[in-house]
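Chemist: sequence first, then the predicted structure:
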Amino acid sequence: MSELRKVKVGIIGLGARGLPLVTACFLPMWENGLLEITAVCDYYEDRAEAGAKAVEDKTGVRPFTTTKWMEVVEHPEVEAVLVLTAWESHVEMCIAAMRAGKKVGTEVGGAYNIEDCFRLVRAYEETGIHCMMLENCCYGRRELMALNMARKGLFGTVVHCSGGYMHDLREEIVNGDINRHYRQRNYMRRNCENYPTHELGPIMPVLNINRGNRFVKLNSVASCSKGLHEYAVEHRPDDPIAKADFAQGDIVTTILTCADGRTATLILDTTLPRIYSRGFTVRGTKGMYCEDGNYVHLDGESEFASVGDKLNNLENYAEEYEHPIWKEYKANPIGGHDGIDWLVYNAFIESVREDITPPIDTYDTATLMCISCLSEQSIAAGGAPVAVPDFTSGKWIERVEKPEEDKSTYSLWK
């Protein structure tokens, strides 16, 4: 490892995700000697100013502040760019940063067309600079413990995984015009699995995607769209939004099939009342893990045991199966989202500082992003199968990471 130094980052996007990250994650990272916020940017001047003020109030240093994102990309003192903006802008900004010689990390979001995913891959292959999807759910304690269990064979041969983005976002979406939030316009115009990465990110290491396995096709179907309209009628009855048509189905189900025959199911469920869940499940020939109930069930145990009997029994396995990343993190827990923001951003900063491949690389980023536009095609075709491209151009067959060659402290593949 090289001597610890602060990585100089430029932040693009200081809305509902970006500004809380600055205060809860990036400024503590600054205090810990990991990064320095050199530049901040937002399309809206008040948001850019809020970001700059948060940095200055905490550190006494005012970062370069702008409403023009290319000024961050071109800033000579910025060595890494964080793209925390609306979904539509991610690819353009990431590619510009890569071609400017800047390491780049992007917040989560799906692609709008498959060519953008290939453009991202080509930018990496031409520059040698990776784009890391900053998928924090890959670093959830339960997700990592279940991954460790699967790696150590507790579940036998893994056959199927599932995950969901199951989150009541009706208020956020319906009021998007008031709060300047991009989700509203997307739900009005698109019908797809628009947020696949929280579900799929933790599944990919379990199924060895892009490292000995890959997705070959998907099928997606969507329910009708009722939740947002009824919410708008109830909460903003005299506003034009109450008469708006929302294209996005209330429940979207996507089934992915792998080259080795294993499958994964994704659920998007954000416009009906419900409790929050990511629905992460791993199913194997000798057992399973289920997030809803946070339990492990193993072969030989009664199938009629109630969930109440097993509730939270994952803790019974922690001593043997706690993932090494979380063993280290628990000794000094910092950051928001129960630590997952701290871990994913530390993984990115380490990859920049050490000049190593990030644990979620450009091929993984493209794979995560492509689900949105492919699901849109499948839904429009009545659930017809759609091929998932091989962004590695065949390298997935032999691209099995060797633990001794994986230098990331935050590796998901060891």
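Modeler: Done, it's in.
Chemist: tell me where this protein has strands.
Modeler: Remark: strands assigned in the chain by DSSP state E are 7-12, 35-41, 64-66, 80-83, 103-106, 131-133, 158-166, 215-222, 251-258, 263-269, 281-284, 287-290, 295-298, 386-387.
Chemist: closest to Gly140 out of the ones you listed?
Modeler: Each of those was scored for nearness to Gly140 using Cβ to Cβ, and the closest is strand 158-166 (11.0 Å). (Glycine included, C-beta is placed from N, CA and C.)
Chemist: tell me which residue is most central in the chain.
Modeler: Central residue of the chain (Cα atoms, centre = their mean): Glu135, 2.8 Å from the mean position.
Chemist: okay, which residue of the protein is out on the far edge from center?
Modeler: Computed with Cα atoms, centre = their mean, the residue of the chain farthest from its C-alpha average is Asp238, at 36.4 Å.
Chemist: run through the residues that contact it.
Modeler: If you count contacts by Cβ atoms under 8 Å, 6 or more residues apart in numbering, Asp238 has none.
Chemist: please renumber so the chain begins at 277
Modeler: Sure, I'll start counting at 277 from here, so that last one is Asp514.
Chemist: picking that back up, could I get the strands of the chain in a markdown table, plus columns for mean pLDDT, distance to Trp618 and mean neighbour count?
Modeler: Listed next are the strands of the chain as a markdown table, based on pLDDT from 0 to 100; distance: least, Cβ to Cβ, whole Å; neighbours: other Cβ atoms under 10 Å:
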| stretch | mean pLDDT | distance to Trp618 | mean neighbour count |
| --- | --- | --- | --- |
| strand 283-288 | 98 | 15 | 26 |
| strand 311-317 | 98 | 12 | 25 |
| strand 340-342 | 98 | 25 | 18 |
| strand 356-359 | 98 | 14 | 27 |
| strand 379-382 | 98 | 14 | 28 |
| strand 407-409 | 98 | 15 | 28 |
| strand 434-442 | 98 | 21 | 22 |
| strand 491-498 | 98 | 29 | 21 |
| strand 527-534 | 98 | 29 | 21 |
| strand 539-545 | 98 | 26 | 21 |
| strand 557-560 | 98 | 24 | 21 |
| strand 563-566 | 98 | 23 | 22 |
| strand 571-574 | 96 | 26 | 19 |
| strand 662-663 | 98 | 36 | 16 |
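Chemist: of all those, which lies closest to Trp602?
Modeler: Among those, if distance is taken as Cβ to Cβ, the winner is strand 563-566, at 14.9 Å.
Chemist: may I have the closest one as PDB, with CA atoms only?
Modeler: Coordinates of each C-alpha in strand 563-566 appear next as PDB, following Å, rounded to 0.1, in the frame of the first residue of the first chain:
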ATOM      1  CA  GLY A 563     -30.100 -23.900   2.200                       C
ATOM      2  CA  MET A 564     -31.100 -20.300   1.800                       C
ATOM      3  CA  TYR A 565     -30.800 -16.700   3.200                       C
ATOM      4  CA  CYS A 566     -33.900 -14.400   3.100                       C
END
